[in-house]
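A.B. asks: fold the stuff below for me.
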Amino acid sequence: MSKAHRGKGIRDLFARGRGACPVCKRNNVKLLYEQEAGEAKVKICKTCKAAIKHGKKSIQA
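C.D. replies: Coordinates of the predicted model:
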């Protein structure tokens with residue numbers, strides 16, 4: 001079966017949703033997950049989202 005619509009929602013984002021993660025500082029990763037850092041919301045990568053959920057990392061505002 002074709003996977004033609006996979007990733008359709010991120011095609012209209014700047015750089016197709018890719019950039020530098022503010023938590024792990026890796027470049028060119030998909031930043032799809034919003035997380036609150038103080039009063040602001042930042043977008044982070046999938047691995048950092050999981051690490052924050054399990055208490056292994058934190059976001060400094």
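A.B. asks: and stretch 22-29, which residues are buried?
C.D. replies: Across stretch 22-29, burial judged by 16 or more other C-beta atoms under 10 Å covers Pro22, Val23, Val29. C-beta: built from backbone N, CA, C; applies to glycine.
A.B. asks: so which of those residues are in strands?
C.D. replies: Val29 (DSSP state E).
A.B. asks: residues making contact with the lowest-mean-pLDDT helix or strand in the chain?
C.D. replies: Using mean pLDDT, DSSP states H and E, strand 33-37 stands out as the lowest-scoring helix or strand of the chain, at a mean of 92. For strand 33-37, contacts defined as C-beta atoms under 8 Å, 6 or more residues apart in numbering pick out 22, 41-46, 48-49, 52, 59-61.
A.B. asks: direction included, what does that strand pair up with?
C.D. replies: Looking at strand 33-37 with DSSP bridges, its partner strands are strand 40-44 (antiparallel).
A.B. asks: send me the partner strand as PDB with only the CA atoms.
C.D. replies: What follows is strand 40-44, C-alpha atoms only, in PDB (Å, rounded to 0.1, in the frame of the first residue of the first chain):
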ATOM      1  CA  ALA A  40       7.000  30.200  26.200                       C
ATOM      2  CA  LYS A  41       6.400  27.100  24.100                       C
ATOM      3  CA  VAL A  42       9.300  25.600  22.200                       C
ATOM      4  CA  LYS A  43       9.400  22.800  19.700                       C
ATOM      5  CA  ILE A  44      11.600  19.900  20.500                       C
END
